[in-house]
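# fold the stuff below for me.
(one chain, ligands or ions: 1)
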Amino acid sequence: MKRIALAVIAALVSAPALAGVVVKDAWIRATVPHQKTTGAFMQIVSDRDARLVGARCPLAGTVELHEMTMTDNMMRMRAVDGIDLPAGRTVTLKPGGFHVMLFDLRRPIHAGDTVPLSIVVEMPDKSRETIEVEAHAVPLGASHAHGMHDH
Ligand SMILES: [Cu+2]
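Coordinates of the predicted model:
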């Protein structure tokens, strides 16, 4: 019990901007030469009903929130203006589903890199909080990210 309490305190100290939204297992796909786009993925849990409304990355010219869906046996990707974060429920951004899409990359992303991302979350009172995330770069084609677990 004591160890769990200490872990919770450590998590709060490392995320001082907003204790109410926790992001974990953030990862991004490494790129191959000349590739200018990639996707980033993570798990997000908010203690209140909130909404992910945007993301930023200093390495990308443009960042969008995307949803991937299977329509008529074809994977389609579309931009969405937000992703709901129901209170207490872990929302997983993952390949084949919601993701953060980065365009116009200013440099290649190599496996093992740590890429800074900011995600913007809108609270029930319409205030917006920005959460800094460090995404670990995983090689293209890797079936899953280190630290990501299917339950
Ligand atoms: Cu996309």
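
# from now on I want contacts and neighbour counts done on CA atoms only, so please keep to that.
Will do.

# spell out which residues of this structure are next to the ion.
Applying C-alpha under 5 Å from the ion, we find that the chain lies next to the ion at H66, M101.

# all helices for the chain, in order.
For the chain, applying DSSP state H gives helices covering 2-14.

# please enumerate the strands of this protein.
With DSSP state E as the criterion, the chain has strands at 21-29, 38-46, 50-56, 60-71, 74-79, 83-85, 91-93, 98-105, 114-122, 128-138.

# how about low-confidence regions in this structure?
Within the chain, the ranges that satisfy pLDDT under 70 run 1-19, 142-151.

# now do 80
Applying pLDDT under 80 to the chain flags residues 1-19, 140-151.

# quick check: bridge partners of V121?
L52, E129 (DSSP bridges).

# just give the number of residues close to it.
When counting by other C-alpha atoms under 10 Å, one arrives at 24 neighbours for V121.

# dump the residue contacts of it.
By C-alpha atoms under 8 Å, 6 or more residues apart in numbering, the contact list for V121 reads A50, R51, L52, V53, G54, R128, E129, T130, I131.

# next: V23.
M42, Q43, I44, V45, V133.

# if you set the cut-off to 10 Å instead, what comes out?
Contact analysis of V23 by C-alpha atoms under 10 Å, 6 or more residues apart in numbering lists 15, 42-46, 90-92, 119, 131-134.

# same deal with A30?
Residues in contact with A30 (C-alpha under 10 Å, 6+ apart) are 37-40, 108-113, 136-142.

# narrow these to those that are buried.
Among the contacts of A30, those classed as buried by 16 or more other C-alpha atoms under 10 Å are 37-40, 108-111, 113, 136-139.

# so which of these is the closest to the ion?
The ion lies nearest to G39 out of these, by C-alpha to the ion, at 6.4 Å.

# which residue sits closest to that closest one, ignoring its sequence neighbours?
Among residues not flanking G39 along the chain, M101 sits closest, at 4.6 Å (C-alpha to C-alpha, 6 or more residues apart in numbering).

# follow-up on the earlier one: out of the buried ones among the contacts of A30, who's nearest P124?
A40 (25.2 Å; C-alpha to C-alpha).

# bridging residues for the closest one?
Beta-bridge partners recorded for A40 (DSSP bridges): I28, V100.

# that one reaches G97, doesn't it?
No: counting by C-alpha atoms under 10 Å, A40 does not reach G97; the two are 11.3 Å apart.

# next, the buried residues of stretch 37-53.
In stretch 37-53, counting by 16+ other C-alpha under 10 Å, buried: 37-46, 50-53.
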